[in-house]
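S.K.: here is my input, please return the structure:
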Amino acid sequence: MKKIILLIFILGTVCNAQIKDISRQQYFNKGDFEFTFSLNIGSSSINNKSTYRYTGSPVNNTESSYKELYFHLGAAAGYYIIDNLSVEPELDINLSFDNSSFVVIGNLCYSFSKPASNVSPFVKIGYGWSEYKAEPYYYGGSFDSEDYKIINTGGGLKVRYSGNMMLRMEINYRILSTSASFASHEPDYSSSSKTDINISVISFSLGIIILF
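M.R.: Predicted coordinates:
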């Protein structure tokens with residue numbers, strides 16, 4: 001009888017320990033790090049609006065838009081400032097728009113965790129900057145090099161598949177915007193122009209996460 005009671009006690013202790021371990025949050029705890037390497041493929045919609053002014057002539061407004069394939073390689077480092085919430089600096093190499101460039105973004109990312117689950121949804125929002133040579137022309141020259149402000153949003157799934165490795169799938173939407181102006185003043189003639197560029201990008205990202 002004593003042996004049976006002892007066996008029940010041991011089994012109860014083991015089961016209780018396992019339940020506690022399962023209920024404990026395994027990932028995305030305060031102080032955790034994660035590194036992500038990803039590939040993004042999508043479509044960009046580019047809209048250009050230009051305003052031209054000439055002495056003795058009415059204001060001339062033009063607008064054009066077109067679409068391009070969007071493609072970039074990305075790397076991000078996340079640090080969890082509290083459970084589930086991380087700051088995530090992101091560096092992308094943009095291989096679109098006929099000219100490669102760098103993109104730097106600061107993100108806030110929230111990962112939803114469920115005990116004993118290998119799948120975790122997440123959402124993120126960020127703000128950043130990019131620089132590259134753009135195609136559009138305006139009166140007086142071309143955009144040799146412009147700074148683009150970026151609003152970045154995304155959401156998806158983190159799926160654990162081995163030890164400290166996760167697969168990251170994300171739908172990303174970002175808006176890039178910039179403007180440039182030119183003016184020429186002569187004794188009897190003057191001209192000026194301003195061009196605004198807005199680029200909206202929607203893409204699918206597939207990446208690998210390494211947890212620390």
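S.K.: now the helices: where do they sit in this protein?
M.R.: Shown for the chain, the helices assigned by DSSP state H span residues 2-23.
S.K.: sketch out the low-pLDDT regions of it for me.
M.R.: 1-25, 56, 97-99, 132-146 (pLDDT under 70).
S.K.: what sits opposite the closest residue to residue 124 other than its chain neighbours in the beta ladder?
M.R.: Spatial nearest neighbour of residue 124, excluding adjacent residues (Cβ to Cβ, 6 or more residues apart in numbering): residue 109 at 4.0 Å. Just so you know, the C-beta spots here come from the backbone N, C-alpha and C atoms, and that holds for glycine as well. Per DSSP bridges, the residues bridged to residue 109 are residue 86, residue 124.
S.K.: what's near enough to touch residue 109?
M.R.: With contact taken as Cβ atoms under 8 Å, 6 or more residues apart in numbering, residue 109 is in contact with 78, 85-88, 122-124.
S.K.: with neighbour count added, can I get those in TSV?
M.R.: Shown next, in TSV, are the contacts of residue 109 (neighbours: other Cβ atoms under 10 Å):
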residue	neighbour count
78	25
85	14
86	24
87	14
88	19
122	22
123	14
124	22
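S.K.: excluding chain neighbours, what is closest to the residue nearest the centre of the chain?
M.R.: For the chain, residue 152 is the residue whose C-alpha lies nearest the centre (Cα atoms, centre = their mean; 5.1 Å). For residue 152, ignoring the flanking residues on the chain, the nearest one in space by Cβ to Cβ, 6+ apart is residue 126 at 4.1 Å.
S.K.: tell me how many other residues crowd that neighbour.
M.R.: Around residue 126 there are 20 other residues, counting by other Cβ atoms under 10 Å.
S.K.: tell me the contacts of it?
M.R.: 88, 90, 105-108, 150-153.
S.K.: again, but for residue 84
M.R.: Counted by Cβ under 8 Å, 6+ apart, residue 84 has contacts 28, 110-113.
S.K.: spatially, what comes nearest to it if we skip its sequence neighbours?
M.R.: residue 28 (5.0 Å).
S.K.: for that neighbour, phi and psi?
M.R.: phi 60, psi 40 (degrees, to the nearest 10).
S.K.: ok, back up a step: can you redo the contacts of residue 109 as CSV with distance to residue 211?
M.R.: Listed next are those as CSV, based on distance: Cβ to Cβ, whole Å:
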residue, distance to residue 211
78, 10
85, 16
86, 11
87, 16
88, 14
122, 13
123, 19
124, 17
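S.K.: perfect, that will be all.
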